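**Q** Let's see this in three dimensions:
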Amino acid sequence: MGRGVAAAPLLRVAVADLPAFLTGRWTLERTIDDRRAGRRGRASGEARFEPLDAGAGASGVGASGVGASGAASGGLRWIEHGTVQIGDFAGEFSRELAIVPDGDAWLVRFDDGRPFHPLDLREGRCLVDHPCGADAYAGALRAFETPAGPAGPAGPELEVDWRVTGPAKDQRIVTRYRRA
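**A** Numbers count the residues shown, from 1 in each chain. Model (predicted):
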């Protein structure tokens, strides 16, 4: 690491109101470590968390296919886009998810409405599993607050750390979101 101001320590925070914590624009930095293929990659871009369309049908699926429970219930649309570089490949990426109420917690859904994983950051972290065919995704989501200091102002951060294993996969994908 070069000379300069040391990064401020991250303080894990309990998130009582998930929509209030997430709503808005975030930068994202992602590292991809594909141990099986022996490749590493990076991605950067933007994430937006915004209220879901209130006009979604009773099924909770709006015109875009993303599940929606309506803004009044606190559901959020999770939109990401940016650029990725893995080995010789460079390109763009985008994805859209939905975060919908699920009892006293939240559920992340894919853009076609299928469930992805629970999301409960009331204790500042959430451990999740997602089976995908023969592959297993084990995730840890953590909410942080960066204290104000010489490196910059205070602000929320979210880290999503996936460990992906399976017959053809051995990956670690870590994404750090910072309030823009």
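**Q** burial measure for the residue nearest to residue 121 when sequence neighbours are not counted, as a count.
**A** Spatial nearest neighbour of residue 121, excluding adjacent residues (CB to CB, 6 or more residues apart in numbering): residue 15 at 3.8 Å. C-beta coordinates here come from the backbone N, C-alpha and C atoms, glycine included. The number of residues packed near residue 15 is 21, by other CB atoms under 10 Å.
**Q** Assign a three-state SS to residue 15, would you?
**A** coil (DSSP: H, G, I helix; E, B strand; the rest coil).
**Q** Enumerate every residue touching it.
**A** Neighbouring residues of residue 15 by CB atoms under 8 Å, 6 or more residues apart in numbering: 21, 121, 122, 124, 143.
**Q** The fourth one: neighbour count?
**A** The local packing count at residue 124 equals 15, with neighbours defined by other CB under 10 Å.
**Q** Adjacent strands (with direction) for the host helix or strand of residue 100?
**A** Per DSSP states H and E, residue 100 falls inside strand 89-102. Applying DSSP bridges, strand 89-102 is found paired with strand 76-86 (antiparallel), strand 105-109 (antiparallel).
**Q** most surrounded residue in the contacts of residue 15?
**A** residue 143 leads those on contacts (other CB under 10 Å) with 24 neighbours.
**Q** follow-up on the earlier one: can you dump the C-alpha atoms of the strand holding residue 100 in CSV for me?
**A** Output in CSV follows, covering the C-alpha atoms of strand 89-102 (Å, rounded to 0.1, in the frame of the first residue of the first chain):
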residue,chain,number,x,y,z
PHE,A,89,-12.2,-10.3,-20.7
ALA,A,90,-13.4,-6.7,-20.2
GLY,A,91,-17.1,-5.8,-20.5
GLU,A,92,-20.1,-4.3,-18.9
PHE,A,93,-22.5,-5.9,-16.4
SER,A,94,-25.9,-5.1,-15.0
ARG,A,95,-28.5,-6.9,-12.8
GLU,A,96,-31.7,-6.1,-11.0
LEU,A,97,-33.0,-7.7,-7.8
ALA,A,98,-35.9,-6.9,-5.5
ILE,A,99,-35.9,-6.7,-1.7
VAL,A,100,-39.4,-7.5,-0.4
PRO,A,101,-40.8,-7.8,3.1
ASP,A,102,-40.8,-11.4,4.5
